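Q: Please find the sequence and the predicted model below.
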Amino acid sequence: FAPWDDPTQRPLIQFKGVTKRFGEFVAIDNLTQDIYEKEFFALLGPSGCGKTTMMRMLAGFENPTEGQILLAGQDMAHVPPNQRAVNMMFQSYALFPHLTVWENIAFGLKRQKMPRHDLDERVDEMLRLTRLSKFAKRKPHQISGGQRQRVALARSLARAPKLLLLDEPLGALDKKLRQDTQFELMDIQEKTGTTFVIVTHDQEEAMTVASRVAVMDEGSIIQVATPANIYEAPNSVYVADFIGDVNIIEGAATRTAEGYDIAWAEGQPPFHAKTPVVLGNGGPAYLAIRPEKISISAEKPDDAGNTVRGRIIDIAYLGNISTYHVEIPGGTMIKAQSANTRRLSRRSFTWEDEVWLSWTDTAGIVLER
Ligand code: ATP
């Protein structure tokens with residue numbers, strides 16, 4: 001397993017024991033976390049977990065009740081929002097309707113009294129970066145939603161902030177455009193080398209764009225890792241469940257030479273898991289398995305590592321894949337996904353079919369209860 005944090009990265013932002021209270025209510029709870037230079041960092045979590053509060057503290061709209069936030073090594077405590085090398089792009093974009101695209105992008109630069117020649121050059125550079133040169137003279141109502149989003153981005157990057165905060169930046173776009181725009185956002189982040197922190201409700205979006213994802217719950221960060229590690233090596237049932245789809249089997253773990261045996265139902269052989277997570281000597285545990293790591297077959301497969309018989313209760317056909325809900329002994333429901341790589345001339349399995357589920361010893365993750 002790759003280390004979850006790369007120690008060679010230089011922190012741009014440092015949260016040091018940051019707590020934010022609103023009256024009695026603890027919105028951020030003693031949080032310590034670095035965000036690196038040039039990184040694309042995503043905050044994910046359910047409504048009310050403190051994502052916006054973190055962003056607002058970075059922008060300087062709120063101050064920590066306790067602890068420190070450093071930007072490039074400097075304590076931000078008494079630095080007002082307009083004097084921070086930080087900008088925030090809001091979901092609403094907040095473009096000036098009566099100004100042209102060019103003037104919208106130039107607005108902040110004019111206010112900081114940038115010399116005319118430099119200003120022209122900078123605005124043109126931003127227009128090129130966001131592929132808006134053709135639309136420079138139009139007003140916001142004369143361009144598309146995707147183009148407006150790019151104007152907002154160009155405007156927030158014009159003053160070359162070290163940190164750009166993106167609050168649901170693609171929330172106003174439809175799904176297809178949103179996906180295209182994600183790649184554009186990554187491209188622009190890379191070209192400018194600006195640190196981006198994004199808040200989004202769309203976990204797929206966070207996984208697509210971010211170099212690291214922080215999963216939050218009730219004012220704390222539960223895990224920070226690359227998208228692949230968040231998905232493949234969640235540190236808790238909470239994270240496993242929050243990101244993607246997962247089967248959680250309750251059991252009792254016993255240490256073996258290579259990992260754990262998980263006793264999960266009376267009279268059934270245990271499941272095996274080779275796992276990097278160490279639970280001491282075992283005990284109550286959860287076995288987490290992603291549905292796409294479970295194969296479904298009519299015959300019992302040899303050498304699968306884990307096999308269990310079950311009955312199909314439900315089938316969801318999703319085009320590229322199908323999800324089968326299979327009841328195994330003891331009444332546990334397991335979701336197994338298979339890719340529909342061939343044209344379905346007939347359904348390979350149907351309701352009430354008795355099938356075998358199988359997965360390898362490395363497919364499951366053992367988590368503490
Ligand atoms: P969402 O995804 O819904 O935007 P969030 O994760 O961004 O949620 P925050 O807006 O950071 O959540 O809010 C965290 C908690 O702090 C919430 O319970 C919220 O009600 C509370 N909170 C935020 N701002 C204030 C405030 N000014 N006064 C009192 N409570 C607040």
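A: It's in.
Q: count of neighbours near Asn229?
A: Look at Asn229: counted by other Cβ atoms under 10 Å, it has 18 neighbours. Glycine gets a C-beta too; all of them are placed from N, C-alpha and C.
Q: Poorly predicted segments of this structure, please.
A: Within the chain, the segments meeting pLDDT under 70 span 1-8, 276-280, 343-347.
Q: Kindly provide the distance from the closest residue to Lys274 other than its chain neighbours to the ligand.
A: Leaving aside its chain neighbours, Lys274 sits nearest to Gly259 (4.0 Å; criterion: Cβ to Cβ, 6 or more residues apart in numbering). Distance, Gly259 to the ligand, by Cβ to the nearest ligand atom, to the nearest Å: 36 Å.
Q: Also Asn306?
A: Taking Cβ to the nearest ligand atom, one finds Asn306 at 37 Å from the ligand.
Q: Does that residue touch Ser358 like I think?
A: Yes - taking Cβ atoms under 8 Å as the definition, Asn306 is a contact partner of Ser358 at 6.2 Å.
Q: Which elements pack onto the helix or strand that contains Leu109?
A: Using DSSP states H and E, Leu109 maps to helix 101-111. Judged by 3 or more Cβ pairs under 8 Å, 6 or more residues apart in numbering; DSSP states H and E, the packing partners of helix 101-111 are helix 116-129, helix 145-157.
Q: Burial-wise, tell me which of these comes out on top.
A: Counting by mean count of other Cβ atoms under 10 Å, helix 145-157 has the highest mean neighbour count of the helices and strands packed on helix 101-111, with a mean of 22.
Q: CA atoms of that one as CSV?
A: Extracted C-alpha coordinates of helix 145-157, given in CSV (Å, rounded to 0.1, in the frame of the first residue of the first chain):
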residue,chain,number,x,y,z
GLY,A,145,-24.1,28.3,-18.3
GLY,A,146,-20.9,26.5,-18.9
GLN,A,147,-19.3,29.7,-20.3
ARG,A,148,-20.5,31.7,-17.3
GLN,A,149,-18.9,29.1,-15.0
ARG,A,150,-15.6,29.7,-16.8
VAL,A,151,-15.9,33.5,-16.5
ALA,A,152,-16.4,33.0,-12.8
LEU,A,153,-13.3,30.8,-12.7
ALA,A,154,-11.3,33.2,-14.8
ARG,A,155,-12.3,36.1,-12.5
SER,A,156,-11.3,34.2,-9.3
LEU,A,157,-7.9,33.3,-10.8
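Q: At which residues are the strands of the stretch 251-369 of the chain located?
A: Ranges of strands within the stretch 251-369 of the chain are 260-263, 271-273, 282-289, 295-297, 306-317, 321-327, 333-339, 354-359, 365-368, based on DSSP state E, counting those that start in this stretch.
Q: Buried deepest among the ones you listed, which one?
A: By mean count of other Cβ under 10 Å, the strands of the stretch 251-369 of the chain have strand 271-273 as the most buried, with a mean of 24.
Q: what's it packed up against?
A: So strand 271-273, by 3+ Cβ pairs under 8 Å, 6+ apart, packs with strand 260-263, strand 306-317.
Q: any chance of the ones you listed in JSON lines, plus distance to Met126?
A: Formatted as JSON lines, these follow (distance: least, Cβ to Cβ, whole Å):
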{"stretch": "strand 260-263", "distance to Met126": "54"}
{"stretch": "strand 306-317", "distance to Met126": "45"}
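Q: Return stretch 43-63 as PDB; C-alpha atoms alone will do.
A: C-alpha atoms of stretch 43-63 as PDB (Å, rounded to 0.1, in the frame of the first residue of the first chain):
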ATOM      1  CA  LEU A  43     -14.000  18.100   1.200                       C
ATOM      2  CA  LEU A  44     -16.700  15.500   1.300                       C
ATOM      3  CA  GLY A  45     -19.300  14.800   3.900                       C
ATOM      4  CA  PRO A  46     -23.000  14.900   4.700                       C
ATOM      5  CA  SER A  47     -24.800  18.200   5.100                       C
ATOM      6  CA  GLY A  48     -23.800  20.000   8.300                       C
ATOM      7  CA  CYS A  49     -20.500  18.200   8.800                       C
ATOM      8  CA  GLY A  50     -18.500  21.500   8.600                       C
ATOM      9  CA  LYS A  51     -17.300  21.800   5.000                       C
ATOM     10  CA  THR A  52     -18.500  25.300   4.400                       C
ATOM     11  CA  THR A  53     -17.200  26.400   7.900                       C
ATOM     12  CA  MET A  54     -13.700  25.200   6.900                       C
ATOM     13  CA  MET A  55     -13.900  27.100   3.600                       C
ATOM     14  CA  ARG A  56     -15.200  30.300   5.400                       C
ATOM     15  CA  MET A  57     -12.300  30.100   7.900                       C
ATOM     16  CA  LEU A  58      -9.800  29.800   5.000                       C
ATOM     17  CA  ALA A  59     -11.400  32.800   3.300                       C
ATOM     18  CA  GLY A  60     -11.300  34.800   6.500                       C
ATOM     19  CA  PHE A  61     -15.100  35.200   6.800                       C
ATOM     20  CA  GLU A  62     -15.000  33.300  10.100                       C
ATOM     21  CA  ASN A  63     -12.200  33.000  12.700                       C
END
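Q: buried ones in it?
A: 43-45, 49-60, 62 (16 or more other Cβ atoms under 10 Å).
Q: of all the residues you listed, which two lie farthest apart?
A: Greatest spatial distance among these (Cβ to Cβ): Leu44 and Gly60, at 23.1 Å.
Q: hang on, the earlier thing: next, find the distance separating the residue nearest to Lys274 from Ile296.
A: Per Cβ to Cβ, to the nearest Å, Gly259 is found 24 Å from Ile296.
Q: Ok, Lys51 next?
A: Taking Cβ to Cβ, one finds Lys51 at 37 Å from Ile296.
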